[in-house]
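K.L.:
What follows is a predicted structure for the sequence shown.
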Amino acid sequence: MPLTRRTALAATIAPLLRAQPRQQIAVSTYSFWHLRGTKYPLEKVIEQAHAMGFDGVELLHRQFASEDKEYLNKLKQMAFERGLSLPMLSIHQDFVSPDAAERKKNIDHTKHCIDLAAQLGIPAIRLNSGRWKTIKSFDDLMKVKGDEPPLAGYKLDDAKRWCVDSINEIIPHAKSAGVRMALENHWGLTTNVAVLLDLWKAVNSPWLGINLDTGNFPEKPYDGISTLAPHATIVQAKTYYGGGVWYTLDLDYKRIAKILADAKFSGWVSLEMEGNEDPLTAVPKSLKVLRDAFASH
């Protein structure tokens, strides 16, 4: 190839090599239904996500209308037809119980949900540690920012052991299905970032990652985000248009995007709009905030 043509080709390619890929942003179906009242159909969320310009949809298990294979395949094909990925299935479980039978029930539930994710072609599930449940109402738990006392006669180390043993029992099933678990800094034991990292390190498996939720830090969110960012598998980004259902945080997503960029995070960001505003207006506004924030990094 003549030198002039080679030089021209190099000049054309160089900017492409330097260009950063656009941050992939999904929307959680939870953004359209906050576990209260009539479930917002997942089919409608997939349609709205496509119309609004999202790259993917995070499915909430409790929002499913069915677990029949026909229904799951319908969701999978709807997403495919619209060019949408399904990066995570968000599920609920609780390993914080002295009752081995209760923990086994939650272990089996998690394995079952891993199978659902595999059927849907979803590569990850959201994992909870669980909580003591000494504060019965979740609304009351929110009032004390997740600071829940342990069961009488037990201590934190007991709960950590229950969680680690339970997760370890699930790991072979996750590996076989090719579905990674992502432990969230969710209300319960893992509200405490140090405890979350203790559990993650104790399991020490590539099939257990971390789901960083920007809205679940009761104090100093940017410190918590900075601590988890280097280890994050996926990020859930909360917004609160119309005021939060339980609380409201004023999160600076340009600052958060920089923290994630500095930590070399390259996974999915999934929007969880947790405000009282109509999602048909609040979700697009939230997407613009995230697009603008990540475009700058």
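P.N.:
That came in fine, so what should we check first? Numbers count the residues shown, from 1 in each chain.
K.L.:
give the contact list for Val245.
P.N.:
34, 274-276 (Cβ atoms under 8 Å, 6 or more residues apart in numbering). (Glycine included, C-beta is placed from N, CA and C.)
K.L.:
mind redoing it with 10 Å?
P.N.:
By Cβ atoms under 10 Å, 6 or more residues apart in numbering, the contact set of Val245 is 34-36, 139, 142, 274-276.
K.L.:
can you check Tyr40 too?
P.N.:
So Tyr40 contacts 29-34, 48, 60, 63, 279 (Cβ under 10 Å, 6+ apart).
K.L.:
on that earlier part again, turn the contacts of Val245 into TSV, columns for secondary structure and neighbour count.
P.N.:
Shown next, in TSV, are the contacts of Val245 (DSSP: H, G, I helix; E, B strand; the rest coil; neighbours: other Cβ atoms under 10 Å):
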residue	secondary structure	neighbour count
His34	coil	17
Leu35	coil	12
Arg36	coil	7
Asp139	helix	10
Met142	helix	16
Glu274	coil	25
Gly275	strand	21
Asn276	coil	14
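K.L.:
Tell me which two in the residues you listed are the farthest apart.
P.N.:
Greatest spatial distance among the contacts of Val245 (Cβ to Cβ): Asp139 and Gly275, at 16.5 Å.
K.L.:
hang on, the earlier thing: taking the contacts of Tyr40 one by one, which sit in strands?
P.N.:
In strands, judged by DSSP state E, the following of those are found: Leu60.
K.L.:
which one of the contacts of Tyr40 is nearest Asn192?
P.N.:
Of all those, Tyr30 has the smallest distance to Asn192: 22.9 Å, by Cβ to Cβ.
K.L.:
Roughly how far does the residue lying closest to that closest one once chain neighbours are set aside sit from Glu47?
P.N.:
Using Cβ to Cβ, 6 or more residues apart in numbering and skipping the chain neighbours, the partner closest in space to Tyr30 is Leu60 (4.7 Å). The gap separating Leu60 from Glu47 is 16 Å, by Cβ to Cβ, to the nearest Å.
K.L.:
Thank you kindly, that will do.
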